[in-house]
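Engineer: Mind folding the following:
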Amino acid sequence: EHDYHFRYAVTLFGDPITFEGANARFRQSMQQRSFMRWFSPLSWIRWTGVKLFGRGIWDAHRERNLQPPPL
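Structural biologist: Numbers count the residues shown, from 1 in each chain. Down below sits the predicted model:
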């Protein structure tokens, strides 16, 4: 789901999503699957990684103006 958000800047329902919104949903999704919920260290580590190093990928996909496939 996060990869889809990053590639097309929309949710699976076709609603626009921002870089920050995609990363927040990514962290929330991991936390929901963790037995420690919001304290999940792995979710915070992964979220920090995409927040710090994902902007270039996000911007590259925006420049390519990719259109999502029909679902």
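Engineer: Where is the longest helix in the chain?
Structural biologist: helix 19-33 (DSSP state H).
Engineer: Surely residue 13 is in a strand?
Structural biologist: No - applying DSSP: H, G, I helix; E, B strand; the rest coil, one finds residue 13 to be coil, outside a strand.
Engineer: Identify all contacting residues around the longest helix of the chain.
Structural biologist: Outside helix 19-33, the residues that touch it by C-beta atoms under 8 Å, 6 or more residues apart in numbering are 1-2, 5-6, 9, 17, 37-38, 40, 42-44, 46-47, 50-51, 54-55, 58. All C-beta atoms are positioned from the backbone trio N, CA, C, and that covers glycine.
Engineer: can you check stretch 34-53 too?
Structural biologist: The contact list for stretch 34-53 (C-beta under 8 Å, 6+ apart) reads 2, 23, 26, 27, 30, 31.
Engineer: Please point out which parts of that stretch sit buried.
Structural biologist: Buried residues in stretch 34-53, defined by neighbour count with 16 or more other C-beta atoms under 10 Å: 40, 43, 46, 47, 50.
Engineer: Check stretch 58-65 too.
Structural biologist: If you call a residue buried by 16+ other C-beta under 10 Å, then stretch 58-65 has these buried ones: residue 58.
Engineer: what's that stretch in contact with?
Structural biologist: Counting by C-beta under 8 Å, 6+ apart, 6, 7, 8, 9, 19, 22 sit against stretch 58-65.
Engineer: so the first one touches residue 55, yeah?
Structural biologist: No - contact status for residue 6 versus residue 55: not in contact, 10.4 Å apart, counting by C-beta atoms under 8 Å.
Engineer: Of the two, which one has the most company?
Structural biologist: residue 6 (19 against 12; other C-beta atoms under 10 Å).
Engineer: For that one, give its distance to residue 41.
Structural biologist: 23 Å (C-beta to C-beta, to the nearest Å).
Engineer: Could you report the neighbour count for residue 4?
Structural biologist: Residue neighbour count, defined by other C-beta under 10 Å, stands at 16 for residue 4.
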